[in-house]
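A.B. asks: Structure for this input, please:
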Amino acid sequence: MRFTRILGVVIVLLGIGALIFANYLNHRLSDAGEQIADAKQKVKEGNALFSLNPVAKEIGGELTNSAEKKISKAEHTVQYYENIASFSQTGGICLLVVGVGIFLLSFKKS
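C.D. replies: Numbering: from 1, shown residues only. Next up is the predicted model:
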(Lines give C-alpha, C1' and ligand atoms only; values in the text may rest on other atoms or scores of the structure.)
Protein backbone atom coordinates (compact mmCIF):
# COMPACT_ATOMS: atom_id res chain seq x y z
CA MET A 1 0.00 0.00 0.00
CA ARG A 2 2.82 2.39 0.74
CA PHE A 3 4.28 1.83 -2.74
CA THR A 4 0.99 2.73 -4.44
CA ARG A 5 0.71 5.94 -2.41
CA ILE A 6 4.23 6.97 -3.40
CA LEU A 7 3.50 6.01 -7.02
CA GLY A 8 0.34 8.13 -6.95
CA VAL A 9 2.21 11.13 -5.58
CA VAL A 10 4.99 10.74 -8.16
CA ILE A 11 2.46 10.57 -11.00
CA VAL A 12 0.66 13.65 -9.65
CA LEU A 13 3.97 15.53 -9.51
CA LEU A 14 4.74 14.50 -13.11
CA GLY A 15 1.30 15.78 -14.13
CA ILE A 16 1.90 19.10 -12.39
CA GLY A 17 5.29 19.36 -14.08
CA ALA A 18 3.72 18.71 -17.49
CA LEU A 19 1.09 21.40 -16.85
CA ILE A 20 3.71 23.92 -15.76
CA PHE A 21 5.75 23.12 -18.89
CA ALA A 22 2.66 23.54 -21.10
CA ASN A 23 1.87 26.87 -19.43
CA TYR A 24 5.44 28.07 -19.99
CA LEU A 25 5.32 27.05 -23.66
CA ASN A 26 1.98 28.76 -24.19
CA HIS A 27 3.32 31.97 -22.66
CA ARG A 28 6.42 31.91 -24.88
CA LEU A 29 4.35 31.04 -27.95
CA SER A 30 2.04 34.00 -27.41
CA ASP A 31 5.12 36.25 -27.39
CA ALA A 32 6.36 34.59 -30.57
CA GLY A 33 2.97 35.09 -32.20
CA GLU A 34 3.12 38.79 -31.45
CA GLN A 35 6.61 39.02 -32.94
CA ILE A 36 5.50 37.18 -36.08
CA ALA A 37 2.50 39.49 -36.47
CA ASP A 38 4.80 42.50 -36.08
CA ALA A 39 7.20 41.09 -38.69
CA LYS A 40 4.31 40.48 -41.11
CA GLN A 41 3.19 44.08 -40.67
CA LYS A 42 6.71 45.36 -41.39
CA VAL A 43 6.96 43.21 -44.53
CA LYS A 44 3.58 44.53 -45.66
CA GLU A 45 4.78 48.10 -45.12
CA GLY A 46 8.00 47.29 -47.00
CA ASN A 47 6.04 45.89 -49.93
CA ALA A 48 3.92 49.03 -50.04
CA LEU A 49 7.00 51.24 -49.91
CA PHE A 50 8.84 49.35 -52.65
CA SER A 51 5.80 49.17 -54.93
CA LEU A 52 6.03 52.87 -55.78
CA ASN A 53 8.81 52.43 -58.34
CA PRO A 54 9.15 49.46 -60.77
CA VAL A 55 12.90 49.09 -60.17
CA ALA A 56 12.49 49.37 -56.43
CA LYS A 57 9.61 46.89 -56.61
CA GLU A 58 11.89 44.25 -58.14
CA ILE A 59 14.67 44.82 -55.59
CA GLY A 60 12.22 45.06 -52.70
CA GLY A 61 10.48 41.91 -53.84
CA GLU A 62 13.69 39.94 -53.42
CA LEU A 63 14.21 41.35 -49.94
CA THR A 64 10.66 40.77 -48.77
CA ASN A 65 10.59 37.25 -50.24
CA SER A 66 13.50 36.34 -47.98
CA ALA A 67 11.71 37.84 -44.98
CA GLU A 68 8.48 36.05 -45.87
CA LYS A 69 10.33 32.72 -46.03
CA LYS A 70 11.77 33.33 -42.56
CA ILE A 71 8.34 34.28 -41.25
CA SER A 72 6.84 31.14 -42.75
CA LYS A 73 9.54 29.02 -41.15
CA ALA A 74 8.88 30.72 -37.79
CA GLU A 75 5.16 30.02 -38.13
CA HIS A 76 5.87 26.33 -38.73
CA THR A 77 8.13 26.25 -35.69
CA VAL A 78 5.46 27.91 -33.55
CA GLN A 79 2.90 25.37 -34.79
CA TYR A 80 5.25 22.52 -33.83
CA TYR A 81 5.66 23.85 -30.31
CA GLU A 82 1.92 24.52 -30.01
CA ASN A 83 1.37 20.82 -30.66
CA ILE A 84 3.90 19.95 -27.96
CA ALA A 85 2.21 22.34 -25.51
CA SER A 86 -1.19 20.85 -26.26
CA PHE A 87 0.12 17.31 -25.79
CA SER A 88 1.82 18.31 -22.53
CA GLN A 89 -1.35 19.91 -21.22
CA THR A 90 -3.50 16.91 -22.10
CA GLY A 91 -0.92 14.50 -20.71
CA GLY A 92 -0.56 16.54 -17.53
CA ILE A 93 -4.29 16.45 -16.88
CA CYS A 94 -4.39 12.70 -17.51
CA LEU A 95 -1.43 12.13 -15.20
CA LEU A 96 -3.09 14.19 -12.48
CA VAL A 97 -6.32 12.21 -12.71
CA VAL A 98 -4.52 8.85 -12.74
CA GLY A 99 -2.18 9.85 -9.92
CA VAL A 100 -4.98 11.08 -7.69
CA GLY A 101 -6.95 7.92 -8.48
CA ILE A 102 -4.03 5.66 -7.56
CA PHE A 103 -3.37 7.66 -4.40
CA LEU A 104 -7.01 7.51 -3.26
CA LEU A 105 -7.36 3.83 -4.09
CA SER A 106 -4.28 3.06 -2.00
CA PHE A 107 -6.32 3.90 1.12
CA LYS A 108 -8.97 1.32 0.23
CA LYS A 109 -8.61 -1.79 2.40
CA SER A 110 -8.38 -5.06 0.50
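
A.B. asks: Mind giving me the packing neighbours of the helix of greatest length in the chain?
C.D. replies: Taking DSSP state H as the criterion, the chain has its longest helix at helix 54-105. Secondary-structure packing of helix 54-105 (3 or more Cβ pairs under 8 Å, 6 or more residues apart in numbering; DSSP states H and E): helix 2-50. To be clear about C-beta, it is placed using only N, CA and C from the backbone, and glycine gets the same treatment.

A.B. asks: The helix it packs on - what's its average pLDDT?
C.D. replies: Averaged across helix 2-50, the pLDDT comes to 92.

A.B. asks: how close does the residue nearest the centre of the chain sit to residue 28?
C.D. replies: Ranked by distance to the mean C-alpha position of the chain (Cα atoms, centre = their mean), the top residue is residue 82 at 3.1 Å. Shown here: residue 82 relative to residue 28, a distance of 11 Å by Cβ to Cβ, to the nearest Å.

A.B. asks: Report the contact partners of the nearest residue to residue 71 once chain neighbours are set aside.
C.D. replies: Closest residue to residue 71 apart from its sequence neighbours, by Cβ to Cβ, 6 or more residues apart in numbering: residue 39 at 5.4 Å. Residue 39 makes contact with 67, 70-71, 74, according to Cβ atoms under 8 Å, 6 or more residues apart in numbering.
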